[in-house]
Every structure is written in C-alpha cells, then in structure tokens.
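[1] Take a look and give me a structure for this.
(chains A, B, C and D)
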2 protein chains.
Amino acid sequence: MTTPVDPEDLTARARIRDAAILHFGERGYEGATLRGIAETAGVSLGLVRHHFGSKQGLREACDEYLFTMIRRVNDQTRAGMASGALGSVITARGALRSYQRYMARTLAEGSAAALFDELARLSEEWLAEADKDRPDPPRVEARARAAVGTAMALSVGILHEHISRAMGVDVFSPEGDRLLARALIDIYSHPVLGREDAERILAALDEAESTPPQGGSP
Amino acid sequence: MTTPVDPEDLTARARIRDAAILHFGERGYEGATLRGIAETAGVSLGLVRHHFGSKQGLREACDEYLFTMIRRVNDQTRAGMASGALGSVITARGALRSYQRYMARTLAEGSAAALFDELARLSEEWLAEADKDRPDPPRVEARARAAVGTAMALSVGILHEHISRAMGVDVFSPEGDRLLARALIDIYSHPVLGREDAERILAALDEAESTPPQGGSP
DNA sequence: CAAGGGACTGTTCAAGCGTACAGTCAGGTG
DNA sequence: CACCTGACTGTACGCTTGAACAGTCCCTTG
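    Just a heads-up that it's a prediction; the model follows:
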C-alpha cells in the first residue's frame, strides 16, 4: 500500500496544507501559528491568507483533505480484504500514519465530527453484521456500541505517545508497529470480562441506580 | 460514592485551580487564558500569578491535584470491589466526571505522562492476574496489552463529545451514563474478533512483514 | 497598639498573534 | 502591445496574551 498523494500536489497550496497538518497535529490549533506554518511550507505569511482566507479556513481545508484521504484508504482496504471494519483499523494504520497526530488532536479538540460519525457509521454496519453470529442477543443497541468501539479504536492513534512510552518502543517504528498490531489482535480476540463478571457488574449497576448515591458536593 | 473535596477548599487558590481545570479542559492549554481563568475564579489576574507563578506552574498544580484525586478514587474503589481495574474504570467514571475534560485534553496534548503510566501499571498488574485464568497463553507481553488497554479505557473520556453525538444522548446525563456503562460492559465481555479471524489476520500480518511493501512517498 | 506578612488588586510592558492591504511579478488573452 | 488575473511578498495595524510590579488591605503575632 503506497502513501496516497494527489497528483497536483507540488503546489504551494498543498505544501501549506501539509505544513498546517503537521503544525496543528504537533501543537494543536491554538498552539500553531500561521507564521510557523508558512515558514515550514517555505512561503510567506500573506500567501497562506491568500489561499485559505483565515486560520479557521486553513483548518477546515485540512479537515476536508483528511476526510477524503480517510475515505480513499477505507475504500481501498475494504476492497482488499473482507475482515470488516476492524481489519481496516488494524491494517490501514500504516497508510494514515502521517495524519495520525493531526487526527488525534482534531478529534480530541472536539472538531472533526463528520470524520468520527463516518467511522462510527462504518463500525455500526459491521457490528450489525457481526451480531447475527452472536449466541446471546445484544442488550445494547448497535449504535451505542459502535460509538464506543470507534472511540476505542481511535484511542491508539490519539494516545500513541503514551502507548509508546509505556510499551518501551515507538509504535511508529517497525518493531513497535509489529508489537502494537499483535497486542490489538490479542485484545480484540479475548473478552476482558467473563460472562459472570459482566452479569455481576450489571446487577451492581442496577442496584446502584435504584438507590441513588447520597450527598455530593457539600 | 461522594465527590471528593478537600476540606480546606474554599480558598481562592482552590477556586483558581478548579477554574483552570475547567478552562484547560474546555479550550486546551494554549487556548485557555489566565485572564479568563481569573474571571471564572472571581479573582484578579495578579492573584493567579501570586499563587502559581506562571501559566506552566498553574498547569503543573492542576496535574498534581488530578493525580492525587485519581489515586484517591482508585484506592477507594479498589477497596470496595474485587473486579479489578476494569470495574474501577466503569464505576469510577462518576467520581472523576468533572475532571474528565481536563484529563482528556491533557493526555491528548501529550502531557500527564505520569498519570498514564500509573494507570497502565495498575492495568498491567490486573492483566497479569487475569492471564492465569486464560486457556491459551498470551503471545504478547502484558505490558504492551496493558498500555493499549489503558488507552482504550481512556478513550471514552477523551472522545465523550463525539460518543455523545453518535449515541444521540449526552454521556454525562443519567441516561447517557446508563447506556454508556452497559455498552462498555457488553464490549468488554464479548470478543470483537473470533479466534480463527484473529489467526487469519495474524498470518496475513506475518506474510506482509516478510514481503515488505514496495514504493512509498515518490 | 504596633509590626509584619501574606492575600489580593490595578496598571503597565513587551511580545506575539491574526488580520489587512498595497504592491510586484509572471503568464495568458484581446 | 496593452490588459488582466492570480500567485505571491513585505510591511503595518490592532489586539490579546503572559509577565511584571508597586501598592493596598487584612489578619495574625508579639
């Protein structure tokens, strides 16, 4: 799988956008400066404004670009393998590597709603399919589980820095990627909670809800 | 479970700290301003500086405070129930609710390393225990799985905004909390990947590694 | 009562920010 | 050739920011 690149992308506009994705991802929207972005792109500050109008406009252009990239990679991997959304999550990590920091920041800052919703929708589709093979009927609607599952899948990208430190190897290095993929597969193929434990917690939850906690902030 | 509050905490210092946690969580470190924090706390800008020295100092005080809070809640829930770290994650959400936005921002911005590491350590302990009851020996070290699992557990807090929107109900509302808890239990008690699917993806991964992808960025 | 120290305020300063704009240059068109 | 359009630059403006400081108030202590 090759890194996707638009053919027309040696233009200054593209360089600015790429630099913005880098800066926004590294320092966040507020932390990034147009001057810094312009310098990285090798253009003047004025040109940034000429092409994107404002900082917000630049951010929107980045979001839009990322969105089309996600779609492209998704279609690509979906055509290639039939393991469903999860397989995509695991295998598509490589292709979107350079956008992960930006994606992480953007999602954590509350923007990129369309991106999350699209991923959640894909996840829900796949989940509905998987529910058919499930022995016990799910007691929670697929939409809710898809939303939470999507967040969990994205967390690896968002917290890659912490994961790398805790694992002792950079998840962007070949060996880190290897380890991460295997850890993901292990986690996804083993229930964390036994059936009886789940029932017990569920019961405790019901009880707690029928007898709401006393007190609060004094 | 009551919301933990320090007894001495009606002081201006505490109000500033709380306001800072609110602002940092809502707008990020760079986005928050000392003036805005001071206004929310009902004090002057100068007093903020008097107590915390600098913006960075204020952030560190917030981190430290959050860290002690996490520890406190963790000890509390651990004493109360024996379901391990996961049960804590699910049941402790309520107590730490008001700090979730801050935690999310802080973690996503790459800071709060000590917090993540502590949680990962707790998770690893619990995982090592759970591995004993596992039929197949895990092929990935507990440390790596703990790191990824911790990230996943935190993702709910980090992306709560997106999850709320995708679920159609605010996860901080009583009914949203209800739904979220049940979704979490369902997800944690059911493997996403079947054993044979896992093996297949693993095999595909091994193959892909032995024949590295051609090309890259042109 | 006097003295001292910490809590607290209002104002000021330099720096850096996003934005705005006038103007240059190259390429295509009548 | 004259004209125009769009890419591109440099400079300047107004504003907000974090930081700094001198000074006031109040409570405690001797």
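[2] May I ask which helix or strand encompasses A:A130?
    helix A:113-131 (DSSP states H and E).
[3] sorry, that was for A:R72
    According to DSSP H and E, A:R72 maps onto helix A:55-80.
[4] State the mean pLDDT of that helix.
    Regarding helix A:55-80, the rounded mean pLDDT is 82.
[5] Going by contacts, tell me the helices and strands next to it.
    Packing partners of helix A:55-80 (3 or more C-beta pairs under 8 Å, 6 or more residues apart in numbering or on different chains; DSSP states H and E): helix A:12-31, helix A:34-41, helix A:45-52, helix A:84-91, helix A:100-108, helix A:113-131. Where you see a C-beta, it was placed from the backbone N, CA and C, and this is true even at glycine.
[6] among the ones you listed, which gets the worst mean confidence?
    Lowest mean pLDDT of the helices and strands packed on helix A:55-80: helix A:84-91, a mean of 53.
[7] Quick check: pLDDT value at the residue most central in space within chain A.
    With distances taken as C-alpha atoms, centre = their mean, chain A has A:L154 as the residue nearest its mean C-alpha position (3.5 Å). Predicted confidence (pLDDT) for A:L154: 89.
[8] Return the alpha-carbon coordinates of the one helix or strand it maps to using CSV.
    Element membership for A:L154 (DSSP H and E) is helix A:142-158. Output in CSV follows, covering the C-alpha atoms of helix A:142-158 (Å, rounded to 0.1, in the frame of the first residue of the first chain):
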residue,chain,number,x,y,z
ALA,A,142,-25.5,-1.4,17.9
ARG,A,143,-25.3,2.4,17.5
ALA,A,144,-24.1,2.9,21.1
ARG,A,145,-21.6,0.0,20.9
ALA,A,146,-20.3,1.3,17.6
ALA,A,147,-19.7,4.8,19.0
VAL,A,148,-17.8,3.4,22.0
GLY,A,149,-15.9,0.9,19.8
THR,A,150,-14.9,3.6,17.4
ALA,A,151,-13.6,5.8,20.2
MET,A,152,-11.6,2.8,21.5
ALA,A,153,-10.1,2.1,18.0
LEU,A,154,-9.1,5.7,17.6
SER,A,155,-7.5,5.9,21.1
VAL,A,156,-4.4,4.1,19.9
GLY,A,157,-3.7,6.9,17.5
ILE,A,158,-4.6,9.6,19.9
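[9] which bits of chain A sit near DNA strand C?
    A:A32, A:T33, A:L34, A:R35, A:G36, A:L45, A:G46, A:R49, A:S54, A:K55, A:Q56 (C-beta under 7 Å from any atom of the strand).
[10] Apart from its neighbours in sequence, what residue is nearest the fourth one?
    Yep, that's A:R35 we're talking about. The spatially closest residue to A:R35, leaving aside those adjacent along the chain, is A:L45, at 5.6 Å (C-beta to C-beta, 6 or more residues apart in numbering or on different chains).
[11] and what of the fifth one?
    Across the structure, with C-beta to C-beta, 6+ apart as the measure, the residue nearest A:G36 apart from its sequence neighbours is A:H23 (5.7 Å).
[12] What distance do you get for the one you found to B:R165?
    27 Å (C-beta to C-beta, to the nearest Å).
[13] if you skip the residues just before and after it, what's nearest to A:G42?
    Take A:G42 and drop its neighbours on the chain: the residue closest to it by C-beta to C-beta, 6+ apart is A:R15, 6.6 Å away.
[14] And that neighbour, how far from A:F52?
    When A:R15 is compared with A:F52 (using C-beta to C-beta), they lie 12 Å apart.
[15] And A:L119, by the same measure?
    As defined by C-beta to C-beta, A:L119 lies at a distance of 26 Å from A:F52.
[16] more crowded one of these two?
    A:L119 (26 against 21; other C-beta atoms under 10 Å in any protein chain shown).
[17] residues near the nearest residue to the more buried one once chain neighbours are set aside, how many?
    Once flanking residues are discounted, A:L119 sits nearest to A:T150: 5.0 Å by C-beta to C-beta, 6+ apart. Residue neighbour count, defined by other C-beta under 10 Å, stands at 27 for A:T150.
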